[in-house]
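**Student:** here you go, sequence then predicted model.
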Amino acid sequence: MEPSLRSTDGFMSKLGGIAVLLLLLLSCSSFPSTEAYDALDPNGNITIKWDVMSWTPDGYVAVVTMFNFQQYRHIQAPGWTLGWTWAKKEVIWSMMGGQTTEQGDCSKYKGNTPHCCKKDPTVVDLLPGTPYNQQIANCCKGGVINSWVQDPANAASSFQVSVGAAGTTNRTVRLPKNFTLKAPGPGYTCGPAKIVRPTKFVSADKRRTTQALMTWNVTCTYSQFLAQKTPTCCVSLSSFYNDTIVNCPTCTCGCQNNATDTGGCVEAKSPHLAQVVSNSGKSGSNAPLVQCTSHMCPIRVHWHVKLNYKEYWRVKITITNFNYRMNYTQWNLVVQHPNFDNLTQVFSFNYKALTPYAGLNDTAMLWGVKFYNDFLNEAGPYGNVQSELLFRKDQSTFTFEKGWAFPRRIYFNGDNCVMPPPDAYPWLPNTSPRPILPGLFAFIPIVASTLLFLAFV
């Protein structure tokens, strides 16, 4: 009797362990991680720094600065929107370099009315041309923040806020929580505020150093999966050694007959094109209005293997904008290819090598030359930019076989573009199965007739 009881107890304990494991797995799957990781920019993030510069009778004055530490991802118009939730019943008395989108209910205040009384304020940047008495350093750019590599001088944005009904010492101040950052739409996930060492400031003559009374940081990371449900760009391929042009995969960013597609598309040769584009601009919608294509993507990047020399080979890159609602300023392209360690010359684009991992130089960042092609126009005859790259051959690795000459990965403005499947890449004529098959079929009758002749001899 005792052995059977022991076996039953053992079975029940194992069953309980399995149940606990299943419960743990279910709980993990029900709270998916929104933490973003970019293999080409593993340390990229936006850091929001709060520096308490002075105390007031009922609170403090702080300078809030957003630093874009992402190498190639920037915030374009209509700009960033920053939100948070106060820990207590704080109010914003005044602001410089920014403003809240809503004032909230300030009816209990007599005389001086706060700038914002909302528990969860939302702040936006001021526009260029703001009067000087409302500006501070790094403000008033319409919420546009450039990437760290492309334009480090404009990779930050600041505003000043005077907070009331708050703590007046380092021990009584309560940090805001539930930070949100839209740039301009979703995509960023912000962590909790953390107190760090006070920021130090060096005077213009570098003879005196001051520091903030208190500093805390908030780190926000980007996820393309949170930013949009569908891709925003795709890649097409071609080469001089094959007549095949590999287009973007069909329905990469949507399908023409999709009834749920809110943006829709317009035929490039439509007689009503100008009217449709004009009406869409008046609606104020940010949804792409793209030219009707098989891929329906706002952006297409074309990689063409153009020429082959004895010691070099040449590539032409063309970026085409199919979106009638969007002009891209300060655009950039990130390309991964093993031959970038022997890049010799770039024509009409700026270039910088990205080396996220020591000893590996296979990633390049490309962007337009200022006042020449740094502005990618909306869809139409001028809606494209192009350049050529010249590579030196490394005889130990160079080959045109098996699609080696085509990029491994391409990003446009920080978003990963959809590549064609590898089996669709243009192949060398002597390695492609398509030219071989006709010759093989022509050879079969010759072999058969020869065997038949030998059989009757």
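**Tutor:** The structure has been received and is ready for your questions. Residues are numbered from 1 along each chain as shown.
**Student:** mind listing the residues bridging to the closest residue to Leu273 other than its chain neighbours?
**Tutor:** Distances taken as CB to CB, 6 or more residues apart in numbering put Val266 closest to Leu273, at 5.8 Å, once the chain neighbours are dropped. From N, CA and C alone the C-beta is placed, and that goes for glycine too. Note on Val266: beta-bridge partners Gln291, judged by DSSP bridges.
**Student:** all strands for the stretch 351-457 of the chain, in order.
**Tutor:** Listed in chain order, the strands of the stretch 351-457 of the chain (DSSP state E, counting those that start in this stretch) span residues 363-368, 375-376, 384-392, 409-412, 415-416.
**Student:** can you list the ones you listed in TSV and add mean pLDDT, distance to Tyr324 and mean neighbour count?
**Tutor:** Conversion of those to TSV gives the following (pLDDT from 0 to 100; distance: least, CB to CB, whole Å; neighbours: other CB atoms under 10 Å):
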stretch	mean pLDDT	distance to Tyr324	mean neighbour count
strand 363-368	96	20	22
strand 375-376	94	13	19
strand 384-392	96	14	19
strand 409-412	96	17	22
strand 415-416	94	19	17
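**Student:** select, out of those strands, the one closest to Ser94.
**Tutor:** strand 375-376 (36.6 Å; CB to CB).
**Student:** and that closest one, how far out from the chain middle?
**Tutor:** The offset between the C-alpha centroid of strand 375-376 and the centroid of the whole chain comes to 17 Å, using CA atoms, centre = their mean, to the nearest Å.
**Student:** now do that strand: which elements does it pack against?
**Tutor:** Using 3 or more CB pairs under 8 Å, 6 or more residues apart in numbering; DSSP states H and E as the contact criterion, the elements in contact with strand 375-376 are strand 328-329.
**Student:** against which helices or strands is the strand it packs on packed?
**Tutor:** Counting contacts by 3+ CB pairs under 8 Å, 6+ apart, strand 328-329 packs against strand 375-376.
**Student:** neighbouring strands for the strand it packs on, and are they parallel or not?
**Tutor:** In the sheet, strand 375-376 lines up against strand 328-329 (antiparallel) (DSSP bridges).
**Student:** alpha carbons only: can I get the very next helix or strand once past the partner strand in CSV?
**Tutor:** Moving toward the C-terminus from strand 328-329, the next helix or strand (DSSP states H and E) is strand 332-336. Coordinates of each C-alpha in strand 332-336 appear next as CSV, following Å, rounded to 0.1, in the frame of the first residue of the first chain:
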residue,chain,number,x,y,z
ASN,A,332,19.7,58.8,-44.3
LEU,A,333,20.5,55.3,-45.5
VAL,A,334,22.3,52.5,-43.6
VAL,A,335,23.6,49.7,-45.7
GLN,A,336,25.3,46.5,-44.6
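**Student:** burial count for Met66?
**Tutor:** Around Met66 there are 24 other residues, counting by other CB atoms under 10 Å.
**Student:** so what sits opposite it in the bridge?
**Tutor:** When bridges are assigned using DSSP bridges, the partners listed for Met66 are Ile48, Ser157.
**Student:** quick one on the thing from earlier: the residue nearest to Leu273 is in contact with Thr293, isn't it?
**Tutor:** No. With contact defined as CB atoms under 8 Å, Val266 does not count as touching Thr293 (10.8 Å).
**Student:** isn't Ile48 right up against Val63?
**Tutor:** No. Contact status for Ile48 versus Val63: not in contact, 11.4 Å apart, counting by CB under 8 Å.
**Student:** quick one on the thing from earlier: can you put the strands of the stretch 351-457 of the chain in CSV and add distance to Phe240?
**Tutor:** Formatted as CSV, those follow (distance: least, CB to CB, whole Å):
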stretch, distance to Phe240
strand 363-368, 21
strand 375-376, 26
strand 384-392, 13
strand 409-412, 20
strand 415-416, 27
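**Student:** so which of those strands is nearest Gly403?
**Tutor:** Between Gly403 and the strands of the stretch 351-457 of the chain, the shortest separation by CB to CB is 13.3 Å, and it involves strand 409-412.
**Student:** what about that closest one, distance to the chain center?
**Tutor:** Centroid displacement of strand 409-412 relative to its chain, using CA atoms, centre = their mean, is 10 Å.
**Student:** use 29 as the first number for this chain going forward.
**Tutor:** In the new count, where the first residue is 29, that last one comes out as strand 437-440.
**Student:** what strands flank that strand, and is each parallel or antiparallel?
**Tutor:** Taking DSSP bridges, the sheet neighbours of strand 437-440 turn out to be strand 360-364 (antiparallel), strand 443-444 (antiparallel).
**Student:** following the longest one, which helix or strand shows up next?
**Tutor:** Which is strand 360-364. Heading C-terminal from strand 360-364, the first helix or strand you meet, by DSSP H and E, is strand 371-375.
**Student:** which positions in that following strand come out as buried?
**Tutor:** Leu371 (16 or more other CB atoms under 10 Å).
**Student:** how about residues contacting it?
**Tutor:** Contacts of strand 371-375 with the rest of the structure, by CB atoms under 8 Å, 6 or more residues apart in numbering, involve Tyr340, Tyr379, Ala381, Ala392, Leu394, Ser415, Glu416, Leu417, Leu418, Phe419, Arg420.
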